[in-house]
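A.B. asks: Next input, structure requested:
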Amino acid sequence: MIALMVALSALLLVSSAFADDDSSRAKLMGRWQQSDGNGETKSTWDLEGVGSSIHVTNSKGTQTVVEFECNTVGKECTVEDAGRRSKVSMWFNGPKLVELETRGTEIVKRRFSITGDGDTMDLETIPIASGKVETAHFKRIPSAVAKQ
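C.D. replies: The predicted structure is shown next:
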């Protein structure tokens, strides 16, 4: 009887942990904007859930740099990034969305995560071979504004 209660308790804890991850993952979906010191848009990331995939668009100013749809189970997708072919894998590590991009010998890992009240996203860019880790901060663009 005690073993059954322990097993049921463990099952409830695990299921609530996954529910929290699902909630945090859903908060990543939307349009995110990074501004410079003058309020001008530097970069925009659009993350849209499409079934078991994510549609990703990254823009610099008014120019779309990359747009692709990829699964979230780590299977590679071929992508055109700034006119060059690359391979992208995406998966969730808890509440964080992880993207691994391979372009030739250059490998970059990106981690998207929600911070604060859910209207701020941090994007860590981690070069695998060389370079320094950079963290960019983005603000959510409200749906009404994003559709204009």
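A.B. asks: could you say what helices and strands the strand or helix carrying residue 122 packs with?
C.D. replies: Using DSSP states H and E, residue 122 maps to strand 120-127. Identification of packing neighbours for strand 120-127 by 3 or more C-beta pairs under 8 Å, 6 or more residues apart in numbering; DSSP states H and E yields strand 106-115, strand 134-141. In this view, the C-beta of every residue, glycine as well, is placed from N, C-alpha and C.
A.B. asks: next one: that strand to chain centre, how far?
C.D. replies: Its chain's C-alpha centre and that of strand 120-127 lie 9 Å apart, by C-alpha atoms, centre = their mean, to the nearest Å.
A.B. asks: Could you list the residues in contact with it?
C.D. replies: 28, 32, 45, 106-115, 133-140 (C-beta atoms under 8 Å, 6 or more residues apart in numbering).
A.B. asks: If we use 10 Å, what do you get?
C.D. replies: 27-28, 30, 32-34, 43, 45, 47, 58, 96-101, 106-116, 131-140 (C-beta atoms under 10 Å, 6 or more residues apart in numbering).
A.B. asks: hang on, the earlier thing: go through the helices and strands packed on strand 120-127 and name the closest to residue 69.
C.D. replies: strand 106-115 (15.7 Å; C-beta to C-beta).
A.B. asks: Can you flag the buried ones in the contacts of strand 120-127?
C.D. replies: Buried members of these, scored by 16 or more other C-beta atoms under 10 Å, are 27-28, 30, 32-34, 43, 45, 47, 58, 96-101, 108, 110-114, 138, 140.
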